[in-house]
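Novice: return atomic coordinates for the entry below.
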Amino acid sequence: INAEYGGSKAWHPMDMFCTVPGRLSLLSGASKYTVTIGEVQRRLTYPESLNVSLLGGVLRRAKAKNGNHALRTQLEERAISIPTGRRKAASVSLFTSLLEGESAQLANDFNTLCEKFFPCRELAKAAYINDSHRYHIAQDQHVQRVMTTKQMISDMQELMEMNVVKNNEVMNTVGVTGHNAVPCPQLMTFELLTHGFGASALSAAFNVVQTYLDEMMKCMTQ
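Specialist: Residues are numbered from 1 along each chain as shown. All right, here's what the predicted structure looks like:
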């Protein structure tokens, strides 16, 4: 691990590093998000391995006078060091600019919009009518197909939830990524690259599909 964690004071991963304005809010509703030491460490280690310049951009320090020097000093005060000349490990995406708090808010808003506005019932009715004309299969077979699909999605949801809970426990206690301590390191990598949005958004999408299939079942049993 290139970003070291130690020093004279025992900093905890949940200790506050700074607060940063969000990027996605309108000016009238701009929010500030707390960035913890653990979040900073996660940005400096695998899979992103940000350098000082990119971390400064994430923390909105890029335009500040002597921003990189001040940031290095703040990191050193918390016993976090970044080798000079480091190159980032992952490709920069729109998610790179997001903080974990803002990603969580984005995921929560996405879930709310899915629950309130996605037309599961209407799509299920349209699909049922369309399938009835296309496949000409017996109703009991159709019901079985839907039930099998629901179970497969449910199994994946349960597996993802177990892994995400374990990932969060590891990240909030040891601060660094701790890939070796989780059941599915690849899912943790995905979570770290999307800063918590990815699994939450997929969970919302799975819930939409489950509701759609429930509505499909209603159509078949009416």
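
Novice: which residues of this structure fall in strands?
Specialist: 16-21, 32-36 (DSSP state E).

Novice: now the residue lying closest to R43 once chain neighbours are set aside: phi and psi?
Specialist: Spatial nearest neighbour of R43, chain neighbours left out: L50 (5.0 Å); criterion: C-beta to C-beta, 6 or more residues apart in numbering. In this view, the C-beta of every residue, glycine as well, is placed from N, C-alpha and C. Main-chain dihedrals, L50, degrees, to the nearest 10: phi -70, psi 150.

Novice: which residue, neighbours along the chain excluded, lies closest to R78?
Specialist: Closest to R78 by C-beta to C-beta, 6+ apart is W11, at 5.3 Å.

Novice: run a quick neighbour tally on the one you found.
Specialist: 20 (other C-beta atoms under 10 Å).

Novice: ok, the residue lying closest to L55 once chain neighbours are set aside to F118 distance?
Specialist: Leaving aside its chain neighbours, L55 sits nearest to R43 (5.9 Å; criterion: C-beta to C-beta, 6+ apart). Computed as C-beta to C-beta, to the nearest Å, the R43 to F118 distance reads 32 Å.

Novice: more neighbours: which of those two?
Specialist: Ranked by neighbour count (other C-beta under 10 Å), R43 and F118 place R43 first, with 21 against 17.

Novice: contacts only, for that one.
Specialist: 50, 55, 58 (C-beta atoms under 8 Å, 6 or more residues apart in numbering).

Novice: do that again at 10 Å, thanks
Specialist: 3, 35, 49-50, 54-55, 58-59, 96, 99-100, 192, 195 (C-beta atoms under 10 Å, 6 or more residues apart in numbering).

Novice: so of those, which ones are in helices?
Specialist: 54-55, 58, 100, 192 (DSSP state H).

Novice: in the longest helix anywhere in the chain, which residues are buried?
Specialist: The longest helix of the chain (DSSP H) is helix 139-174. By 16 or more other C-beta atoms under 10 Å, the buried positions in helix 139-174 come out as 142, 146, 150, 153, 157, 160, 163-164, 166-167, 170-171.

Novice: try stretch 116-123
Specialist: 118, 120.

Novice: so what touches it?
Specialist: 114, 125-126, 204-205, 207-216, 218-219.

Novice: quick one: terminal-to-terminal distance for it?
Specialist: 15 Å (C-alpha to C-alpha, to the nearest Å).

Novice: test my guess that E39 contacts G101.
Specialist: Yes - when contacts are counted by C-beta atoms under 10 Å, E39 is listed as touching G101 (8.4 Å).

Novice: who has more neighbours out of those two?
Specialist: Legend: neighbour count by other C-beta under 10 Å for E39 and G101, higher for E39 (24 against 20).
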